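> Would you be able to build a 3D model of this:
(one chain, ligands or ions: 1)
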Amino acid sequence: MKIAIVCYPTFGGSGVVATELGIALADHGHEVHFITYKQPVRLELLHSHVHYHEVTVPTYPLFQYHPYELALSSKLVDMVKLHGIELLHVHYAIPHAYAGYMAKKMLAEENIHIPMVTTLHGTDITLVGSHPDYKPAVTFSINNSDAVTSVSQSLKEDTLNIFDIRKKIHVVPNFIDVEKHDNPYTDCERELMAEDNERIITHISNLRPVKRIGDVIEIFDRIQKEVPSKLIVVGEGPEKLFAEELCEKKGILEQVMFVGNSSEVLKILCFTDLFLLPSESESFGLAALEAMACGVPVISSNTGGLPEVNIQNESGFLSDVGDVEDMAQNALSILRDDAVLAEFKTKAKKIAQKFDTKNIVPMYEEVYAKAMKEIVI
Ligand code: GMT
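All right, here's what the predicted structure looks like:
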């Protein structure tokens, strides 16, 4: 099948999932066309079935806001016609489902009928999508998709609670290439980051308020008072300065490394002992799954889809949002003892296997087949 994938190309879970999906689909023999404003960060183009088409938005002094949706829908129309694309798969409803719908309608004028599958990722429904300024357009775009998927059961329930939805929502969880995460580094070079007697704790996110980076620092502060440790913070975002200042205030700046956006996440996870994800809301928590696939237990909040990924007392522990004391105690219960840590590492890896690419990508292929059959013209 010839499939167009629309996604955000920058660092962020929805773009990563869309990119990995496209690559996996290409490996299954599909022809995949990524259509977005920049080459997705994890996309390596050296694949005979993978194509990338850049959306450019011409500017004009009259525009205070550049009409990206317009340029995207025009590009979709052109690429569908040029390459004979048979299905649109848009990731993150805003504004991709809206632009996809317009493309579909423009193509229909020329008697080209192609289905659109929309994957809901989280904040397109919760934080952003539910805003009254967006809600009518998001509701419309979801209801006018030919098939809709959500990355967790929790997100499906949120969608049905927040919007007036008359479409079936298929839960297709996020996935991970387990083999790729199976410690590709024989020598993690752990000594570059920490002393032999220290544990390594990691947090990866876009450092936005929803990730509660302050809680990450609070938890780490409590951990390091009992167990010698280092904290590695991966990512860039608006809360970074606040986090650095908090570390300084607590006198732990020396033990915390802010490494920015990194293309060496696997290497970092390879020597990580524990992963922290105390988010305010999280529809799935792909970063937690990546950690687990590398054999790293997770201390997280129990919000949104996280309980579907991080299993209590098996891959780690979950606590109420903001309960940093409980999270720190749970972390210490894993970190104090080598044998306990080893047990959690093994279980984390085992649970991650359920989300292996080979189990999940066929679920998307099934949704595509259904959308092709049930396309609304
Ligand atoms: O966090 C966002 O604003 C958007 C999105 C992203 O691109 O990172 O994250 C969401 O999608 C991920 C992939 O499906 C999920 O793993 C994240 O849990 C989800 N983020 C939130 O719900 C906050």
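
> which parts of the stretch 101-250 of the chain sit against the ligand?
121, 122, 123, 151, 174, 210 (Cβ under 6 Å from any ligand atom). C-beta coordinates here come from the backbone N, C-alpha and C atoms, glycine included.

> Swap in 8 Å and give it another go.
119, 121-124, 126-128, 151, 155, 174, 206, 208, 210-211 (Cβ under 8 Å from any ligand atom).

> So which of those residues belong to strands?
Among these, the members falling in strands (DSSP state E) are residue 119.

> What's the ChimeraX syntax to select whichever of the residues of the stretch 101-250 of the chain next to the ligand are buried?
In ChimeraX, this line selects whichever of these come out buried by 16 or more other Cβ atoms under 10 Å:
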select :119,121,122,123,124,126,151,155,174,206,208,210,211
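
> Check pLDDT for the residues of the stretch 101-250 of the chain next to the ligand and point me to the minimum.
By pLDDT, residue 127 ranks lowest within these, coming in at 81.

> Next, the distance between the ends of stretch 182-194.
22 Å (Cα to Cα, to the nearest Å).

> Let me fix that, I meant to ask about stretch 130-145.
18 Å.

> How about the secondary structure of the closest residue to residue 38 other than its chain neighbours?
Computed as Cβ to Cβ, 6 or more residues apart in numbering, the closest residue to residue 38 that is not its neighbour in sequence is residue 9, at 4.3 Å. Recorded secondary structure, residue 9: coil (DSSP: H, G, I helix; E, B strand; the rest coil).

> I'd say residue 9 and residue 52 touch.
No: with contact defined as Cβ atoms under 8 Å, residue 9 does not count as touching residue 52 (9.3 Å).

> Find residues that contact each of those two.
34, 39, 40, 43 (Cβ atoms under 8 Å, 6 or more residues apart in numbering).

> Dump those residues into CSV; add neighbour count and secondary structure as well.
As requested, the shared contacts of residue 9 and residue 52 are arranged in CSV below (neighbours: other Cβ atoms under 10 Å; DSSP: H, G, I helix; E, B strand; the rest coil):
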residue, neighbour count, secondary structure
34, 24, strand
39, 14, coil
40, 23, coil
43, 22, coil
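
> For residue 74, state which of the residues you listed is nearest.
residue 34 (16.5 Å; Cβ to Cβ).

> so who does the nearest residue to the closest one once chain neighbours are set aside touch?
Excluding the flanking residues, the one nearest residue 34 by Cβ to Cβ, 6+ apart is residue 52, at 4.7 Å. Taking Cβ under 8 Å, 6+ apart as the criterion, residue 52 is in contact with 33, 34, 39, 40, 43, 45.

> rewinding a little: so which of the shared contacts of residue 9 and residue 52 comes closest to the ligand?
Distance to the ligand, by Cβ to the nearest ligand atom, is smallest for residue 40 among these, at 11.3 Å.

> Tell me, domain by domain, which residues of the chain belong where.
2-175+357-374, 178-355 (automatic domain parsing).

> outside of the one helix or strand in the chain whose mean pLDDT sits lowest, which residues touch it?
Ranked by mean pLDDT, DSSP states H and E, the weakest helix or strand in the chain is helix 265-270, scoring a mean of 91. If you take Cβ under 8 Å, 6+ apart as the criterion, helix 265-270 is touched by 180-181, 183-185, 188-189, 202, 204, 232, 234, 259, 262, 275, 290-291, 294, 296.

> Show me those residues that map onto strands.
202, 204, 232, 234, 259, 275.

> The ligand: which of those is nearest?
residue 204 (11.0 Å).

> Pull the contacting residues for the closest one.
Remark: with contacts taken as Cβ under 8 Å, 6+ apart, residue 204 is in contact with 233, 234, 235, 265, 268, 275, 287, 290, 291.

> Neighbour-wise, give me the winner out of those.
For those, the largest number of neighbours (other Cβ atoms under 10 Å) sits with residue 291, at 31 neighbours.

> check contacts around residue 107.
Counting by Cβ under 8 Å, 6+ apart, residue 107 touches 77, 80, 81, 113, 114.

> run the last query once more with 7 Å
77, 80, 114 (Cβ atoms under 7 Å, 6 or more residues apart in numbering).

> Check the burial of the last one by counting its neighbours.
Read it as residue 114. The tally of other residues near residue 114 (other Cβ under 10 Å) stands at 22.

> Name all residues that make contact with it.
Counted by Cβ under 7 Å, 6+ apart, residue 114 has contacts 80, 85, 86, 87, 88, 104, 107.

> what's the answer for the second one, then?
Residues counted as contacts of residue 80 (Cβ under 7 Å, 6+ apart) are 4, 107, 112, 114.
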